[in-house]
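[1] Here is my input; please provide its structure:
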Amino acid sequence: MPAQSVDNLFRSLNKGDFAAAYYFYGPEDVLKDDAVKTLIDKALDPTVRDFNYDQRSAAQLDAEDVDALCNTLPMLAERRVVLVRDVECWKRKTKARAQILKYLAHPSRDTVLILMQGSGEEAEDKELATHTTTVRFDPLPAERARKWLLNQAEALGVTLEIEAAEHLVRSVGNDLGALKSELGKLASLPAGQSVSAETIADLVGIRQGETLWDWRDAVLEGETGRAATLLPSVLAQSGVSGVKLVTALGTALVGVGIARAYYDRGIRGRALESTVMKSLLSIRPFGLLSYKEEAARWSRWAPVWDRNRIRSALRAARDTDEALKNTTVSDEQGLMTDLVLRLGQWSERKSTRLMATMATVVIFCASAISIFSVPAAAQTDPRLIEVIRQAQEGRGDSARTKVRLMLAATSPTDTLYPQIIYTQAMVASEANEMRRQLQRVAVEYSSSSWADDALLRLVQLDYASGNLEGAARNLERIRLDYPGSPLIGQASYWAARTYFDQKSPEMACR
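    From the prediction side, this is the model:
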């Protein structure tokens, strides 16, 4: 029988049009359960439902059970509904499967049979599909997931603001199971209380502006510093990994490539958005925000992302993906940081305002490196921890004022002093100031536990600004002066990059 879309299925069920047998398969189990619930509500009288609804697992059925389930007459009702879950458990030559296929050739008029396949097996069973009304349940696009969420909230009596629903989908994704779980938590809130985006942020632990999508947008907008600063909080979120970030970025780069192809043909403005939107609707990819939003973003980015830049970015993303899956030299955060810097550097090399914008990138990258790179011994003083937190939240002026006051109130001989200077570098507003403070730690307090951290940050500053000789000098200092440093692994990674860029493969491999 021909396959039916999910939308057409729900429309027919709401009209009371029922097929003799359905076959549900695909990765979205929550939608399957919604369809079963709708079918039961529409097909059975609630007063006699318990007598006319049976639910079984395929693994527990033999041929006789199948025959009895499907051919039993309804009790005081027009029809029965039988749900058989996990039909992928049936092997090709089992008696139960043979009995089902025999029944499907001549189904009962009094029974509505639902054969449900679990999400673990996404491939269609051709034999079952031949004799049933077949529906594939795929994940919903973000926009439809948001509508589903709002409908579910209304059914539970939860007043969910549209902005709150948007933030929840951006935070959790379009996984309906995860959204349903979070919605269950909201249902426990006092009745009548409107749920805002701030409430959602507190619930899921992800603030607005700090989602995976915000990171992706920052990268493609050319906001290198912001993208790097967001990395720690984004990577710390449940279900987020470096591979997932690279996948999201790669998908967007392909989308921008599509938009750029149309842009190069002379299509501009709203016509470009409309054309990209049509491409999205024809492909219907998953794992995106609403198609309208994505079309607008890709069209906006297309003018500044030419074909060469897109190819270079895709190669960098591919290299990072392979490194994330294979390397043991650098951690996930370090590899993602490197990707952000590489894309930022490429952009700036192509800019006609090279010197001015490169200085800005160095400032941004330096600030980002300082905040998201966890030192061998993280800040131990609660006041310094608060300084870092303020800087991460965008309150840089307040952070810098606080650390200056601490520095003035602390003796240079105090063991806390180099840690304060290092933190001052981390929250500096200018690259030159950051460099000066890091050099001070590395030279004046070379025996402290912060000297190797300062040297590594200087390496990253030099690498970001293209000063490979300076980076190599500080890398040698780490290798010779701090051979037992816990940062040796990270330093080795940066050394390999630096020496390969200097065309010194022997040094890089060492």
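[2] Double-check Val276 against Trp301; I have them as touching.
    No: using C-beta atoms under 8 Å, Val276 makes no contact with Trp301, being 10.8 Å away. C-beta here means a position set from N, CA and C on the backbone, and glycine is covered the same way.
[3] The two - which one has more neighbours?
    Between Val276 and Trp301, Val276 has the larger neighbour count (other C-beta atoms under 10 Å), namely 26 against 21.
[4] Which helix or which strand is home to that one?
    helix 269-283 (DSSP states H and E).
[5] helices and strands around that helix, which ones?
    If contacts are counted by 3 or more C-beta pairs under 8 Å, 6 or more residues apart in numbering; DSSP states H and E, helix 269-283 sits against helix 242-264, helix 291-301.
[6] Identify the contacts common to Val276 and Trp301.
    Common contact partners of Val276 and Trp301 (C-beta atoms under 8 Å, 6 or more residues apart in numbering): Ala259.
[7] can I get the CA coordinates of the helix holding Val276 in CSV?
    Written as CSV, here are the backbone C-alpha positions of helix 269-283 (Å, rounded to 0.1, in the frame of the first residue of the first chain):
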residue,chain,number,x,y,z
GLY,A,269,17.6,40.2,-1.0
ARG,A,270,14.3,38.6,-0.4
ALA,A,271,14.5,36.7,-3.7
LEU,A,272,17.6,35.0,-2.3
GLU,A,273,15.9,34.0,0.9
SER,A,274,12.9,32.7,-1.0
THR,A,275,15.1,30.6,-3.3
VAL,A,276,17.0,29.1,-0.4
MET,A,277,13.8,28.4,1.4
LYS,A,278,12.5,26.5,-1.6
SER,A,279,15.7,24.4,-1.6
LEU,A,280,15.2,23.6,2.1
LEU,A,281,11.6,22.6,1.5
SER,A,282,12.7,20.3,-1.3
ILE,A,283,15.4,18.6,0.8
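[8] Also compute the angle for that helix relative to helix 242-264, please.
    Here helix 269-283 runs at an angle of 130 degrees relative to helix 242-264 (axes from the mean of the first three to the mean of the last three C-alpha atoms, to 10 degrees).
[9] Pull out the buried positions in helix 269-283.
    By 16 or more other C-beta atoms under 10 Å, the buried positions in helix 269-283 come out as 272-273, 275-277, 279-280.
[10] Which of those sits closest to Lys42?
    Leu280 (33.0 Å; C-beta to C-beta).
[11] Which pLDDT does the model give that closest one?
    At Leu280, the model reports a pLDDT of 91.
[12] Leaving out chain neighbours, which residue sits closest to it?
    The shortest distance from Leu280 to any non-neighbouring residue, by C-beta to C-beta, 6 or more residues apart in numbering, is to Tyr291 (4.4 Å).
[13] Now do the same contact list for that neighbour.
    With C-beta under 8 Å, 6+ apart, Tyr291 has these contacts: 141, 143, 277, 280-281.
[14] Any chance of TSV for the residues you listed, columns distance to Ala261?
    Converted to TSV, those look like this (distance: C-beta to C-beta, whole Å):
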residue	distance to Ala261
Pro141	23
Glu143	24
Met277	15
Leu280	14
Leu281	17
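[15] for stretch 155-169, the distance to its chain's centre please.
    20 Å (C-alpha atoms, centre = their mean, to the nearest Å).
[16] buried stuff in that stretch?
    Buried residues in stretch 155-169, counting neighbours by 16+ other C-beta under 10 Å, are found at 158, 160-161, 164-169.
[17] for the record, mean pLDDT for that stretch?
    Mean per-residue pLDDT for stretch 155-169: 91.
[18] Check stretch 129-148 too.
    Here stretch 129-148 scores 91 as its mean pLDDT.
[19] that older thread, I'd like to know which of the contacts of Tyr291 is nearest to Asp452.
    For the contacts of Tyr291, the nearest to Asp452 is Pro141 (47.7 Å; C-beta to C-beta).
[20] Tell me where the model's unsure across the chain.
    The model of the chain has pLDDT under 70 over residues 1-2, 327-330, 345-380, 392-394.
[21] let's see 80
    Scanning the chain for pLDDT under 80 picks out the ranges 1-2, 91-93, 188-192, 205, 286-287, 326-331, 344-381, 388-397, 429-431, 464-466.
[22] Tell me how it divides into domains.
    Per automatic domain parsing, the structural domains of the chain span 3-136, 142-204, 214-324, 354-509.
[23] could you pull out the strands for the chain?
    Assigned by DSSP state E, the strands in the chain fall at 3-4, 21-25, 53-57, 80-85, 111-116, 133-136, 159-160, 194-195.
[24] I'd assumed Met336 was in contact with Leu245.
    Yes: using C-beta under 8 Å, Leu245 is in contact with Met336, at 6.2 Å.
[25] Overlap of the contact sets of those two?
    Leu235.
[26] Just to check, Gln99 is in contact with Asn71?
    No: counting by C-beta under 8 Å, Gln99 stays clear of Asn71, with 10.5 Å between them.
[27] Neighbour count: these two, which is higher?
    Gln99 (19 against 14).
[28] Now do the contacts for that one.
    Contact partners of Gln99, counting by C-beta under 8 Å, 6+ apart, are 63, 66-67.
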